[in-house]
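Visitor: Build me a model:
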Amino acid sequence: MSCKQNACHYVGFWLCIISSLIGINYIASSFNFSQNNDMPYVFASSNNTLHHHDHGSMMDMSNFKFDPEIYLNSSNVNYDLKSYPNSVRTSVFQTLSDVDKPLLCGDNKIHSNYYVKEFITPILCSQPVALTADKDGKIWLASGKSGTIQVFDPKSEKFEQVIKIPNWPNQTRNIGSMIWDIKFDKNDNLWFTDELSNSIWKYSVNEGKFENYRLLAEGGYPLSIAFDSDNNVWFTQVFGKRLGFIEPSKTVSNTTEGISELDMSKQINFQTMGPISNGYNFSGHNNNTRSADNSGDVVWFSTAVFPIGGQIIKYDIDNESITIHDINYTHSVPFSIAEDENGTLWANSHIANLFLSLNPNTGAVKQYATSNPSSSGNLTTLPYYNEYQDGKVWFNEHYGNSIAYFDIKNNKLVEYHIPSHNPLWVNSSNPLRFAFDNEGSVWFTEWTENKLGVIHADKLKQLPISLNVSKSDISLDRKSGKGDSLNVTVYFDPDSINTLTNSSGPENSNFRDGSLERIFDKPVQTVTFAITSSISKDGKLVNMTSKFTDLNLTSSSNSTSAADQIPKLNTSITKLLTIEPEKGIIPGTYTLTISAKYEDDLTISRIIDLYVK
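Guide: As a prediction, the model looks like this:
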C-alpha cells in the first residue's frame with residue numbers, strides 16, 4: 001500500500017514521508033502504517049510493547065498510562081476552569097483508545113528550562129498545529145481534532161477563548177484534520193487550511209462568522225496560504241499539484257465559487273508541493289503589513305521528488321510567470337522557502353538534518369547540517385518550516401525538538417531545546433509550527449503534547465556561552481590522506497548565566513537553584529562538543545574521522561570521539577579539532593557544523609566550509 005493511500009490518511013503527508021524515508025519511527029499501529037521494502041514500521045503488540053524494527057529496541061507502553069482526573073484537577077492549567085466544563089475538556093480524550101492516549105495527549109505537565117515556557121491547552125488531546133499572532137499580540141492556534149480555534153493572551157498568560165468551528169465532523173480517526181496554516185489578512189480576517197474537508201476557511205473576527213471554501217478537486221490537501229497586495233489568497237496543496245487562488249470578493253460559502261487553480265504538473269515534474277511564502281519585500285511582521293508598492297508581489301513554494309530532490313519555484317503574480325530552480329542534484333528535499341533581503345532563498349530538507357541556501361542568480365546551492373540531537377537517542381532533526389527575520393533564518397526541528405535560528409552573517413546556528421518530549425515519538429514533542437508576536441517572542445505548538453510554548457524575546461538574547469573557531473574553512477586531501485585542524489573555543493558568560501538562573505517565573509521554578517557559584521563550582525558535564533557535516537543528508541561524517549583534543553584543560557586522557565564531554569567548567573575552554581579523510585570520501589565542497597551543547601537548554605554551532613580535494 002502506498003504512503004499516500006495509507007499512512008498519510010492518518011497523520012498527514014509529511015509525517016508519512018518521514019516514516020518512508022528515515023529509519024526512525026515510534027508511531028503506533030493505530031496509525032495503520034504497513035511495511036514494504038523501504039518503509040520501516042512500528043506496531044503495538046497485545047502486550048502493549050512498541051517494537052522499533054530498525055533499532056531492535058522495545059518500549060513498554062504500560063508506563064504511559066494517562067489518568068484524566070490528573071488533568072481535570074491539575075493546577076497547571078492556563079485558563080479559567082469554570083469556563084470549560086469537564087465535558088468540553090475531555091471531549092476528544094474520550095474518543096481515543098488506551099494505545100492512542102499516550103501518543104496524542106501528552107503528560108499534561110509543564111516542563112521547564114532556561115528558555116522555554118509552556119502552557120497546557122484547554123482541551124485535552126486537541127492536537128494543536130498552526131498558530132499566529134494578531135495585531136494585539138494574542139496567539140491564535142488551531143486544533144483539527146477538537147475543531148476549535150483557541151485564543152491565548154500573553155499578558156494574563158491564560159487561554160481566554162475557545163471558538164468552535166461550525167459543522168465540524170466527528171473525528172473517527174485518532175488524528176484530527178491537519179490544520180497546517182493559519183493567518184490574518186490585512187482586514188483582520190482569519191484564514192486557515194483544513195485537510196480533512198479539503199477546504200480553506202475564513203473567520204471574520206468582528207462578526208464572529210465562519211465561511212468555508214472548497215477546493216476544486218478531491219484529495220488536494222491544502223497546506224499553506226499567503227496573501228497578495230490586493231488581499232487575495234494563494235495556497236498550495238500537497239497532492240493537488242496546483243497553485244490555488246481565492247478572490248474573496250467572489251466567494252460563496254460552502255462552494256468553489258471564487259477559487260481558481262494553476263496546474264503546476266504541466267510545467268514541472270514533481271510528486272508533491274510544499275508550503276507557500278511571500279517574497280522578502282512583500283511580507284511583513286505577522287503578515288499584517290505590506291510594502292508601499294507591489295515589487296514583492298511574488299510567491300515562493302517548493303516541490304518535491306522522492307527519495308531526494310525537488311524544485312524551488314517563484315511565481316510572479318503580476319506577470320503570471322514561473323521561475324524554476326532545480327535542486328535534484330543535492331542531498332535535500334526542499335520544504336518551506338524564506339527569502340532574505342539579498343534575494344537568497346532558504347529552505348529546509350524535511351527528510352534528515354539539512355537546510356540549504358540557493359542563489360537564484362547563479363543557481364548555486366549550499367547545504368548546512370543541524371547539530372546532532374544525541375540526547376533524544378535520535379540522529380534526525382527534520383528541519384521543518386522556516387521564516388526570515390532580521391538577518392536570521394528561523395526554523396523548527398520536528399524531531400530535533402528545538403526552535404532554531406541561523407545567523408547568516410556570522411555563520412552561527414543556535415538551537416533552543418524544548419523540555420517536553422514523548423518517548424513514543426523519539427523524545428519529540430512534535431513542535432510542528434511556530435510564529436512570532438509583535439515583541440519578537442517566538443511561539444510554537446507541541447502537537448502530541450497538547451501544549452503552547454514560548455521563548456520570550458528577552459530570553460533569546462541571553463546566551464550562556466559563545467563559540468569561536470580559528471578558521472572559516474578546512475581542506476582535506478583524499479589522495480594523500482592529509483587532514484586539517486582548527487581551534488574551537490567556548491567562552492562562558494557569567495552575566496547571562498546569572499540572569500537566566502535567577503530569572504523568575506514558572507519556566508525556572510524547581511529547575512535551577514539560582515546560584516551562579518554552584519553552577520561554576522559543580523563538577524558536572526555541562527558542555528558537550530560535537531560535529532556534523534552536509535557531506536551526508538543525516539549529517540554524519542561519511543568517510544572521515546574527527547577528534548577533539550584538550551588544549552587548556554588538565555586532563556589525563558584526550559578525546560577520541562567527535563562528541564566529547566567537558567568534565568568541569570572554566571571561563572573558557574579550547575579544544576583542537578582534527579579532521580582526517582578516509583578512503584572513499586567524495587571530492588566536493590561541503591560544510592562542517594561544529595557544536596557546543598550547554599546542558600539540556602541550547603546548542604550553539606559555528607558552520608565552516610569543508611573542501612575535499
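Visitor: For the nearest residue to S536 once chain neighbours are set aside, give me the pLDDT.
Guide: Of all residues not flanking S536 in the chain, V542 sits nearest, at 4.6 Å (Cβ to Cβ, 6 or more residues apart in numbering). Placement of C-beta: from N, CA and C, glycine included. V542 is assigned a pLDDT of 95 by the prediction.
Visitor: ok, now which ones touch V542?
Guide: S533, I535, S536, I585 (Cβ atoms under 8 Å, 6 or more residues apart in numbering).
Visitor: would you put the C-alpha positions of stretch 256-267 in CSV?
Guide: C-alpha atoms of stretch 256-267 as CSV (Å, rounded to 0.1, in the frame of the first residue of the first chain):
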residue,chain,number,x,y,z
THR,A,256,-16.0,26.5,-5.0
GLU,A,257,-17.0,30.0,-6.2
GLY,A,258,-14.1,32.5,-6.4
ILE,A,259,-11.5,29.7,-6.5
SER,A,260,-9.2,29.1,-9.4
GLU,A,261,-6.1,26.9,-9.8
LEU,A,262,-3.0,26.7,-11.9
ASP,A,263,-1.9,23.2,-12.8
MET,A,264,1.8,23.1,-12.0
SER,A,265,2.3,19.5,-13.2
LYS,A,266,2.2,20.7,-16.8
GLN,A,267,5.4,22.6,-16.3
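Visitor: now it, how far from the chain's geometric center?
Guide: Between the centre of stretch 256-267 and the centre of its chain there are 29 Å (Cα atoms, centre = their mean, to the nearest Å).
Visitor: That one: which residues count as buried?
Guide: Residues of stretch 256-267 classed as buried: T256, G258, I259, E261, M264 (neighbour count, 16 or more other Cβ atoms under 10 Å).
Visitor: what do you get for stretch 84-98?
Guide: Quick answer for stretch 84-98 (16+ other Cβ under 10 Å): Y84, V88, R89, T90, S91, V92, F93, L96.
Visitor: Return the member of these nearest to P275.
Guide: Closest approach to P275 among the buried residues of stretch 84-98 (Cβ to Cβ): V92, at 26.3 Å.
Visitor: before we move on, the earlier item: and the residue nearest to S536, which of the three is it?
Guide: Look at V542: counting by DSSP: H, G, I helix; E, B strand; the rest coil, its state is coil.
Visitor: Quick check: it vs P334, distance?
Guide: 22 Å (Cβ to Cβ, to the nearest Å).
Visitor: same question, F282
Guide: Using Cβ to Cβ, we find F282 at a distance of 20 Å from P334.
Visitor: Those two - which one has more neighbours?
Guide: Shown here are F282 and P334; by other Cβ atoms under 10 Å, P334 has more neighbours (29 against 24).
Visitor: For that one, report the pLDDT, please.
Guide: On the pLDDT scale, P334 gets 93.
Visitor: Double-check I465 against Y598; I have them as touching.
Guide: Yes: taking Cβ atoms under 8 Å as the definition, I465 is a contact partner of Y598 at 5.2 Å.
Visitor: what residues are shared contacts of the two?
Guide: Common contacts of I465 and Y598, defined by Cβ under 8 Å, 6+ apart, comprise V527, I604.
Visitor: List the contacts of the residue most central in space within the chain.
Guide: Nearest to the mean C-alpha position of the chain, counting by Cα atoms, centre = their mean, stands N396 at 2.5 Å. Neighbour list for N396: P383, Y384, Y385, S402, I403, A404, P431, L432, R433, F434, F444 [criterion: Cβ under 8 Å, 6+ apart].
Visitor: before we move on, what about I327?
Guide: When contacts are counted by Cβ under 8 Å, 6+ apart, I327 touches G309, G310, Q311, I312, P334, L356, L358, V365.
Visitor: and if we set it to 10 Å?
Guide: By Cβ atoms under 10 Å, 6 or more residues apart in numbering, the contact list for I327 reads 302, 305, 308-312, 333-334, 347, 349, 356, 358, 363, 365, 367.
Visitor: And A457, by the same measure?
Guide: By Cβ under 10 Å, 6+ apart, the neighbours of A457 are F436, D437, N438, E439, G440, S441, V442.
Visitor: One more pass at 7 Å, please.
Guide: Shown in contact with A457 (Cβ atoms under 7 Å, 6 or more residues apart in numbering): E439, G440, S441.
Visitor: Of those, which is the most crowded?
Guide: S441 (20 neighbours).
Visitor: buried set for stretch 165-177?
Guide: For stretch 165-177, burial by neighbour count (16+ other Cβ under 10 Å) applies to I165, W168, Q171, R173, N174, I175, G176, S177.
Visitor: farthest pair in these?
Guide: Spatial extent of the buried residues of stretch 165-177 (Cβ to Cβ) is set by the pair I165 and N174 at 19.1 Å.
Visitor: Now the element after the helix or strand harbouring F245, going C-ward?
Guide: Applying DSSP states H and E as the criterion places F245 in strand 242-246. Downstream of strand 242-246, the next assigned helix or strand under DSSP H and E is strand 259-263.
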